[in-house]
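>>> missing the sequence, but the structure's below:
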């Protein structure tokens, strides 16, 4: 009756024996490193791009009337930001990853930092639009309140607008983190030992594809379920704090 169970246990021992389970652990840790590092890079880029674009949109008419170098610089930065968003969101992430690894950082010995950079650049485009939408949703009276306190525009953004924006977009940002986690599964295209790549290597060595790839899928599913649960709790807490 339980013969199938013991056969399954024997298959597990065969697939993950001889240290092959360590490949899965190393791939899992690299996936977490790439995801966390790319998220930090994406947030930094997103804040900068969103600040430039929202500042230009909100102050375009006023700055255009006054003219000067400030308007020209901001207009150039806004144009560069638009080009960045168009290119990054218009090309596949795996192509961007391969360009970074085989062209930009062709002499790199470790693929993990390259993957962090590539996925961070990609995530930054989407995070920037999330942040920009959050900034544009802040009532204009908040900017006037900052000016009445003696803040300049950038101080108002730093101390008043951006903290409120973070609260508004935090659930969406967490969902972007979940999407980023799954996107890192293509890191193996450039030889990075991520979770998916490690499962594929184990499958290739043992000629057993079901168990290692199913294990990888289960690990991804568990991580996404945990993160989704945390996002749900965060959203409920934010709704309570607004009451």
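Structure's in. What do you need? What you see is a predicted model; the values in this text were computed from it and never measured.

>>> Tell me which residues are up against stretch 139-156.
55, 58-59, 159-161, 164 (CB atoms under 8 Å, 6 or more residues apart in numbering). Glycine gets a C-beta too; all of them are placed from N, C-alpha and C.

>>> Kindly recompute the last result at 10 Å.
51, 55, 58-59, 157-162, 164-165 (CB atoms under 10 Å, 6 or more residues apart in numbering).

>>> Mind putting the residues you listed into a markdown table with pLDDT and secondary structure?
As requested, the contacts of stretch 139-156 are arranged in a markdown table below (pLDDT from 0 to 100; DSSP: H, G, I helix; E, B strand; the rest coil):
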| residue | pLDDT | secondary structure |
| --- | --- | --- |
| 51 | 85 | helix |
| 55 | 79 | helix |
| 58 | 74 | helix |
| 59 | 70 | helix |
| 157 | 76 | helix |
| 158 | 76 | helix |
| 159 | 77 | helix |
| 160 | 78 | helix |
| 161 | 78 | helix |
| 162 | 76 | helix |
| 164 | 78 | helix |
| 165 | 77 | helix |
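
>>> Which single one of those is nearest to residue 99?
Nearest to residue 99 out of the contacts of stretch 139-156 is residue 51 (CB to CB; 26.7 Å).

>>> Just the buried ones from the contacts of stretch 139-156, in ChimeraX syntax?
Here is the ChimeraX selection string for the buried members of the contacts of stretch 139-156, based on 16 or more other CB atoms under 10 Å:
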select :51,55,58,59,157,160,161,162,165
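
>>> Pipe the contacts of stretch 139-156 into TSV and attach distance to residue 40 per row.
Formatted as TSV, the contacts of stretch 139-156 follow (distance: CB to CB, whole Å):
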residue	distance to residue 40
51	17
55	23
58	27
59	29
157	20
158	19
159	22
160	24
161	21
162	16
164	22
165	18
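
>>> between the contacts of stretch 139-156, which is nearest residue 185?
residue 165 (30.2 Å).

>>> what about residue 230, how many neighbours?
13 (other CB atoms under 10 Å).

>>> For it, give its distance to residue 45.
Distance from residue 230 to residue 45, counting by CB to CB, to the nearest Å: 24 Å.

>>> Ok, residue 167 next?
Taking CB to CB, one finds residue 167 at 20 Å from residue 45.

>>> okay, the two: which has more neighbours?
residue 45 (22 against 13).

>>> Check which helix or strand residue 106 maps to.
Secondary structure from DSSP states H and E places residue 106 outside every helix and strand.

>>> mind checking how far it is from residue 28?
From residue 106 to residue 28 the distance is 28 Å (CB to CB).

>>> neighbour-wise, which of these two wins?
Neighbour count, other CB under 10 Å: between residue 106 and residue 28, residue 28 has more, with 18 against 9.

>>> Contacts only, for the more buried one.
194-195, 198-199, 216, 219-220, 223.

>>> So which of those are in helices?
Per DSSP state H, helices hold the following members of the contacts of residue 28: 195, 198-199, 216, 219-220, 223.

>>> Name the member of those residues that has the highest neighbour count.
Most crowded among the ones in helices among the contacts of residue 28, counting by other CB under 10 Å, is residue 195 at 29 neighbours.

>>> Tell me which residues of the helix-or-strand element of the chain with minimal mean pLDDT come out buried.
In the chain, the helix or strand scored least confidently by mean pLDDT, DSSP states H and E is helix 3-16, which has a mean of 73. Neighbour-count burial for helix 3-16, counted by 16+ other CB under 10 Å, picks out 15-16.

>>> So which elements touch that helix?
Where contact means 3 or more CB pairs under 10 Å, 6 or more residues apart in numbering; DSSP states H and E, helix 3-16 is packed against helix 20-66, helix 195-206, helix 210-242.

>>> okay, the angle between it and helix 210-242?
With axes from the mean of the first three to the mean of the last three CA atoms, to 10 degrees defining the directions, helix 3-16 sits at 90 degrees from helix 210-242.

>>> Perfect, I'm done here.
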